[in-house]
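1. My questions concern the predicted model and sequence given below.
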Amino acid sequence: DTAVSQTPKYLVTQMGNDKSIKCEQNLGHDTMYWYKQDSKKFLKIMFSYNNKELIINETVPNRFSPKSPDKAHLNLHINSLELGDSAVYFCASSRTDTDTQYFGPGTRLTVL
Amino acid sequence: DAKTTQPPSMDCAEGRAANLPCNHSTISGNEYVYWYRQIHSQGPQYIIHGLKNNETNEMASLIITEDRKSSTLILPHATLRDTAVYYCIVRVAYDYKLSFGAGTTVTVRA
């Protein structure tokens, strides 16, 4: 009965590869987010989707492309992976775009 | 930019109350105070939030000063599982995003 789930939990890949991270929420929320936590442990928002529509893109390189097939899912596709993309990526959801956000367990991406 | 100031770390004895301070001297009237925590290798966990009144839930209590320039998160009976980084976040009511600072690393000791 996990509220916000992410797959995979760990992802190790080579520079230049393309990879995707999946997120699903079963809370019936309308808004979903992607956050990035770098090696210095600071959490920063990347994207926000409301009802399958992108509402925020926080100056993230266009190699990162979120895709929302339905309100319960928000996937993150990353093209041409770089060393600096290594981080933990968290998905979150909220009932509306101003409501309390609930986070998933994170995906640790390591680019070699 | 984080709008809050928190001590970088603090220790607490198991079974005692943990009082976590947060300064937000530039808070505006329409900004809420949110608290999240992040246990090692897990996603941030929502704890509580408030506007100007004190709030209590099953996890913690939030005490906001009358001038709203500071607040205290109280964990009434700290356990070892409360060891985590605690984030105090000021958020405009209509804002979509949470801006996390460095937080306070709380270590509960037996």
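-> Arrived safely. Numbering: from 1, shown residues only, chains lettered A, B, ... in the order given.

2. Quick check, pLDDT for whichever residue of chain B sits closest to chain A.
-> Of all residues in chain B, residue B:43 sits closest to chain A, at 3.6 Å by Cβ to the nearest Cβ. In this view, the C-beta of every residue, glycine as well, is placed from N, C-alpha and C. pLDDT recorded at residue B:43 is 95.

3. ditto for residue A:41
-> At residue A:41, the model reports a pLDDT of 83.

4. ok, back up a step: so the residue of chain B closest to chain A, which of the three states?
-> coil (DSSP: H, G, I helix; E, B strand; the rest coil).

5. That one - how many residues pack around it?
-> If you count neighbours by other Cβ atoms under 10 Å in any protein chain shown, residue B:43 ends up with 21.

6. so residue B:109 makes contact with residue B:10?
-> No - contact criterion Cβ atoms under 8 Å: residue B:109 and residue B:10 do not qualify, at 11.0 Å.

7. Which residue, neighbours along the chain excluded, lies closest to the residue of chain B closest to chain A?
-> residue A:103 (3.6 Å; Cβ to Cβ, 6 or more residues apart in numbering or on different chains).

8. Count the neighbours of the one you found for me.
-> Residue A:103, neighbours per other Cβ under 10 Å, totals 23.

9. Equivalent analysis for residue B:29, please.
-> 8.

10. host element of it?
-> Assigned by DSSP states H and E, residue B:29 belongs to no helix or strand.

11. Same question for residue A:28.
-> Per DSSP H and E, residue A:28 falls between elements, in no helix or strand.

12. check contacts around residue A:39.
-> A:86-87 (Cβ atoms under 8 Å, 6 or more residues apart in numbering or on different chains).

13. Just the closest residue of chain A to chain B, please.
-> Closest point on chain A to chain B, by Cβ to the nearest Cβ, is residue A:103, at 3.6 Å.

14. thinking again about what came up before, which one's more surrounded, residue B:109 and residue B:10?
-> Between residue B:109 and residue B:10, counted using other Cβ under 10 Å, residue B:10 has the larger neighbour count: 16 against 11.

15. Give me the pLDDT for the more buried one.
-> pLDDT, residue B:10: 97.

16. same thing with the one 10 residues further on?
-> According to the per-residue confidence, residue B:20 scores 98 in pLDDT.

17. Quick check: residue A:63 touching residue A:79?
-> Yes - taking contacts as Cβ under 8 Å, residue A:63 lies within contact range of residue A:79: 4.6 Å.

18. All the helices of chain B, residue numbers only.
-> Read by DSSP state H, chain B holds no helices at all.

19. what does it put close to chain A?
-> B:34, B:41-46, B:49, B:85, B:93-102 (Cβ under 8 Å from any Cβ of the partner chain).

20. Which of those fall in strands?
-> Here DSSP state E is the test, and the residues of chain B next to chain A give B:34, B:45-46, B:49, B:85 as lying in strands.

21. Using neighbour counts, give me the buried entries of those residues.
-> Among those, the ones that count as buried by 16 or more other Cβ atoms under 10 Å in any protein chain shown are B:34, B:46, B:49, B:85.

22. Of all pairs in those residues, which one is the farthest apart?
-> Spatial extent of these (Cβ to Cβ) is set by the pair B:49 and B:85 at 17.4 Å.

23. where does chain B have low pLDDT?
-> Per-residue confidence for chain B (pLDDT under 70) gives these ranges: B:1-2.

24. Which residue is most remote from the mean position of it?
-> residue B:110 (22.1 Å; Cα atoms, centre = their mean).

25. okay, which residue is most central for chain A?
-> In chain A, the residue lying closest to the centroid (Cα atoms, centre = their mean) is residue A:34, at 3.3 Å.
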